[in-house]
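Trainee: pasting a predicted model and its sequence here:
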There are 2 protein chains.
Amino acid sequence: MASAMVANGDLSAVKFPAPATGRVAVVYSEVQNSRLDHALPLPSVLKTSFKVVEGPPSSAAGHPEEIAKLFPCVFGQPSTMLVPSQLGEFPSSQSLKIGVVLSGGQAPGGHNVISGIFDYLQNSCKGSTLYGFKGGPAGIMKCKYVVLTPEYIYPYRNQGGFDMICSGRDKIETPEQFKQAEETALKLDLDGLVVIGGDDSNTNACLLAENFRSKNLKTRVIGCPKTIDGDLKCKEVPTSFGFDTACKIYAEMIGNVMTDARSTGKYYHFVRLMGRAASHITLECALQTHPNITLIGEEVAAKKETLKNVTDYIADVICKRAELGYNYGVILIPEGLIDFIPEVQQLIAELNEILAHETVDEGGLWKNKLEQQSLKLFELLPPAIQEQLMLERDPHGNVQVAKIETEKMLIQMVETELEHRKQRGAYKCQFKGQSHFFGYEGRCGLPSNFDSTYCYALGYAAGVLLHSGKTGLISSVGNLAAPVEEWTVGGTALTSLMDVERRHGIVTTNPNTGQLGQIPRVVICNAKVQSKFKPVIKKAMVELDGAPFKKFASMREEWAINNRYISPGPIQFVGPVADRVNHTLLLELGAQA
Amino acid sequence: MASAMVANGDLSAVKFPAPATGRVAVVYSEVQNSRLDHALPLPSVLKTSFKVVEGPPSSAAGHPEEIAKLFPCVFGQPSTMLVPSQLGEFPSSQSLKIGVVLSGGQAPGGHNVISGIFDYLQNSCKGSTLYGFKGGPAGIMKCKYVVLTPEYIYPYRNQGGFDMICSGRDKIETPEQFKQAEETALKLDLDGLVVIGGDDSNTNACLLAENFRSKNLKTRVIGCPKTIDGDLKCKEVPTSFGFDTACKIYAEMIGNVMTDARSTGKYYHFVRLMGRAASHITLECALQTHPNITLIGEEVAAKKETLKNVTDYIADVICKRAELGYNYGVILIPEGLIDFIPEVQQLIAELNEILAHETVDEGGLWKNKLEQQSLKLFELLPPAIQEQLMLERDPHGNVQVAKIETEKMLIQMVETELEHRKQRGAYKCQFKGQSHFFGYEGRCGLPSNFDSTYCYALGYAAGVLLHSGKTGLISSVGNLAAPVEEWTVGGTALTSLMDVERRHGIVTTNPNTGQLGQIPRVVICNAKVQSKFKPVIKKAMVELDGAPFKKFASMREEWAINNRYISPGPIQFVGPVADRVNHTLLLELGAQA
């Protein structure tokens, strides 16, 4: 504080020349600038000469015989691991032509994966070319790309977002689309392609790998694990990138809200957090901040909770706190909560069907089409939520769960319940709820030191795997609780993460609950012609016997009644705190968190 | 990144003993811990021996003759300034009994004001006692306090929130309440009282100062300028504390959303920002982040914009951007926007009156009571907003403007307008709005280095002013664009910031627009018996000929069409970026921002 003041986000900050697209002249804040030259350590094995060793043949996460049929060329590949070796394995004179694509929603660190691939090629495969496909998989199909150069990449190093080449949600699925991808691979003479994406995108990457190999194309395909949701992971891939940063950003905000709650003493803050399918983000934020109540979707599903149960649980804690003199609190809610509640799933399925086939009359006669239990539930819901359930449909005719303001719904339901209790004399305070949704602001933050380093290693590893001729693997960097030097580097067969879904009315499992479910008829009606078995990478849900949940469960009663709030504060990029890693990862790795 | 990983918010973090209240055992994150011992530099003048010099007698911001009548004892006091002096002015042996109270909404840095007072007393008035009144001004009236000790204060140093002694929104207004305050002052033998608050609380502080002096009590009263809104400032008080931190937190989130917008390429993000009366926060965030559109309430009022004008302006920019190939953007909206739109004020006034006196029938016949223009406007509003206008009333029967989701209203209105333009062929894209409200998460963040240092100096100065026997002043720390050593320290007569409001149907000015207004009759009906003239510290609104607005206005067209987004990133506490100050302050001080 000794020097004269200069404004934050100084307008005289370094201006970069417009990148090759000519589209965006970037002006950076000081913090952004300071990140550009942040040094990224590499695992030791990547800094020396190494060789690639292979393990035993792999299987699949489920139905291996079906996966083997779907991926005859790439099924069963061993996982690979880099180990130091006196004799460098690859000719450094070889130059490669590699494409890279960002697929799906943003996650902090995506740019560093690309930087990692690029730097590996620059350092180990002189004369190589890296093509960045623009706007996601559509860029592959339309052969829309930019040639990535040091100057093009530099402004994106350690920066958030996916704006270097942008992303998209298209998939390469139909025979025509595979044909387009082949044409691009041939036109650019691609030796390899790196697909940076979540579970669906990595499934797609494996289908591409299979397809290219079956056509005898030389183009290999390597995936990279991306999603803030944290639900793409397995033994060899301990975490997906972006999860660490997003959770830290949400936890900063939650910590601030907690301080506010304690200072004001009169509000219950209901915080809904992004991360639809699994509740990892909510669980991690709980471990970082110690809220009074945390709802974990997987637990709600396992216990077959009803909306009334959930409401009662919240009301119970509020009443107990009221007796202790606390008329405030913080409650964390995963975005996908209502997806985990069996009775709500049922209601939504019935509504989907009614809306697809019936006219919804003002008078409400349509409600007679609902089953008794669903009607009762529907009538219990606040009018605004009823409206959201009736109005918002995605192109497939399904409710857009992410748009349902669960936090507001719960506030209203808890308010009603507490009103009843008040009349019975069981509650004497005045309940005031405040709703929050933390979502977009976490997806595109500046990556934490952990995500910056992890992504760089993932990208570097993807380069190595392609250089060594591998295909159908996902870049795997492990031993993440140890110092970076000791991180392991390798690749894991994508097919080993897969199971199949059967789609034509025979069996279906709810991706959240894992339960066999009644199939809403509308889904069957909407189903297009598709293979009977569909390969999927199973989402890694919160495991109720896993270390993170068990730690949370052992402490939540204490957090509910006493106030053990922790405010993590803003992400720091320098100083002793800067290199910390999230609890979930460390607990799962058995390290001290 | 070289050392082994330890989790963020380590559960084994330092645990503090429960403070004297026995209520809260605090567990801190590493960042919180690292802030506890953050060294706070003091202005040089406070580090040496100094004397207090006085300027000429002061006047008032308006109607000085009325202010003089309302404050016969304290009106006209000169401003004071500390200057270095060989002869220390005060006997260091004198011990004082001082009270401190936090009043109104939280702002980052409040704890440091208290630390500053405490440290001054410890260093310069050995044997002094500092009483922290609990829960705001009610704590004074009920004589509820805690004796602050080094151990009690330590865990709150450089921490966010007001939870050390909590705050409240009560005011000391009636003769009985003043009597209670006197009793407390006598009971505790108070030499002084520091009131940390916004414009209303500082007005109240001055009334207390006047009252104590008129009763010949020895208790002096000093105010401190607190509000994240940034609307309590004048020449001698260049900024209110908390503004810097809150804006930086909001700007971090806005910058992230901008990166998201650019990466995704398909959303318009409508971001409503806390700060109801004035648009300083929105303006500062715009200067830090360069959004495509920024609405400034004071400009909307000055230009007498209608809601239709505002909607058209946004739609125009969206259409122009669509032509350039940009189907995304970020729009900043001040919380109080609709308060600034004359036709909305009129509508709300009419609704207040109707709701106070009429039964609102389902059929909508009540709408006939609306004036033609108001009816037209009401019908233009989206149903959800109509409902919010009808339902939410504060205890005085007024609409709670802060609860109206202006960002959602604008999304719907812009959507409708763009639909019309699409039909005319004037717009060809698909508009998708995303709404955000950034509020509570900014009020209680860890204070920035600037707010930490500024608050500490404000508290220290308040101690000096009380020690030197001053009353009715607001602690004033100036020259803030210079290094901390060169900051000036003094006190400014609270009456010099005041004007009067006349309440009984004769003249009233809208606090936002400064315009003389038609008085809604319901306000007259609700008015309780009160003095004809009410003293108020005028809110400092955004000045359209001030440097911050002019800088913004000179750049906004560029920002609208091109994408000049800046992502400030999370607040850093160490490193070269940590000591930066907000643009508004520097521009107003004529410094390079």
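Mentor: Perfect, I can see it now. Residues are numbered from 1 along each chain as shown, chains lettered A, B, ... in the order given.
Trainee: burial count for the nearest residue to A:Leu190 once chain neighbours are set aside?
Mentor: Of all residues not flanking A:Leu190 in the chain, A:Thr219 sits nearest, at 4.5 Å (C-beta to C-beta, 6 or more residues apart in numbering or on different chains). The way it works is simple: take the backbone N, C-alpha and C, and place the C-beta from them, glycine included. By other C-beta atoms under 10 Å in any protein chain shown, 26 other residues sit near A:Thr219.
Trainee: now A:Thr219: how far from A:Ala426?
Mentor: Distance, A:Thr219 to A:Ala426, using C-beta to C-beta, to the nearest Å: 67 Å.
Trainee: returning to that earlier point: I figured the residue nearest to A:Leu190 hits A:Glu183, correct?
Mentor: No. Judged on C-beta atoms under 8 Å, A:Thr219 makes no contact with A:Glu183 at a distance of 11.4 Å.
Trainee: where do the strands sit along the stretch 101-250 of chain A?
Mentor: Counting by DSSP state E, counting those that start in this stretch, one finds strands in the stretch 101-250 of chain A at the ranges A:129-133, A:145-148, A:167-168, A:192-197, A:220-225.
Trainee: return the distance of A:Ala107 relative to chain B.
Mentor: Noted for A:Ala107: a distance of 10 Å to chain B, by C-beta to the nearest C-beta, to the nearest Å.
Trainee: what about that residue, distance to A:Gln32?
Mentor: Applying C-beta to C-beta to A:Ala107 and A:Gln32 gives a distance of 18 Å.
Trainee: and those two? Which one has more around it.
Mentor: A direct count of neighbours by other C-beta under 10 Å for A:Ala107 and A:Gln32 places A:Ala107 higher, at 35 against 25.
Trainee: tell me where the model's unsure across the stretch 451-593 of chain A.
Mentor: Residue ranges of the stretch 451-593 of chain A with pLDDT under 70: A:503-531, A:592-593.
Trainee: for chain B, what are the nearby residues on it?
Mentor: Counting by C-beta under 8 Å from any C-beta of the partner chain, the stretch 451-593 of chain A comes close to chain B at A:453, A:480-485, A:562-564, A:566-577, A:579-583, A:586, A:591-593.
Trainee: which residues of the stretch 201-350 of chain A lie near chain B?
Mentor: Checking the stretch 201-350 of chain A against chain B by C-beta under 8 Å from any C-beta, the hits are A:248-249, A:251-253, A:255-257, A:259-260, A:262-265, A:269, A:287-290.
Trainee: hmm, try it at 7 Å
Mentor: A:248, A:253, A:256-257, A:259-260, A:262-263, A:265, A:288 (C-beta under 7 Å from any C-beta of the partner chain).
Trainee: how distant is the one helix or strand A:Glu350 maps to from the center of its chain?
Mentor: Using DSSP states H and E, A:Glu350 sits in helix A:342-357. Using C-alpha atoms, centre = their mean, to the nearest Å, the mean C-alpha position of helix A:342-357 is found 27 Å from that of the whole chain.
Trainee: what is that helix packed up against?
Mentor: The helices and strands touching helix A:342-357, judged by 3 or more C-beta pairs under 7 Å, 6 or more residues apart in numbering or on different chains; DSSP states H and E, are helix A:372-380, helix A:521-526.
Trainee: buried residues in the helix or strand following the first one?
Mentor: For helix A:372-380, the following helix or strand on the C-terminal side (DSSP H and E) is helix A:383-391. With burial defined by 16 or more other C-beta atoms under 10 Å in any protein chain shown, the residues of helix A:383-391 counted as buried are A:385, A:388-389.
Trainee: all strands of the stretch 251-400 of chain A, in order?
Mentor: Shown for the stretch 251-400 of chain A, the strands assigned by DSSP E, counting those that start in this stretch span residues A:268-273, A:293-294, A:329-334.
Trainee: put together CSV for the ones you listed, with mean pLDDT on each row.
Mentor: What follows is these, written out as CSV (pLDDT from 0 to 100):
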stretch, mean pLDDT
strand A:268-273, 98
strand A:293-294, 98
strand A:329-334, 98
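Trainee: adding mean neighbour count and distance to A:Asp499, write these out as a markdown table.
Mentor: Shown next, in a markdown table, are the strands of the stretch 251-400 of chain A (neighbours: other C-beta atoms under 10 Å in any protein chain shown; distance: least, C-beta to C-beta, whole Å):
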| stretch | mean neighbour count | distance to A:Asp499 |
| --- | --- | --- |
| strand A:268-273 | 27 | 27 |
| strand A:293-294 | 24 | 29 |
| strand A:329-334 | 27 | 23 |
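Trainee: that'll do, ta.
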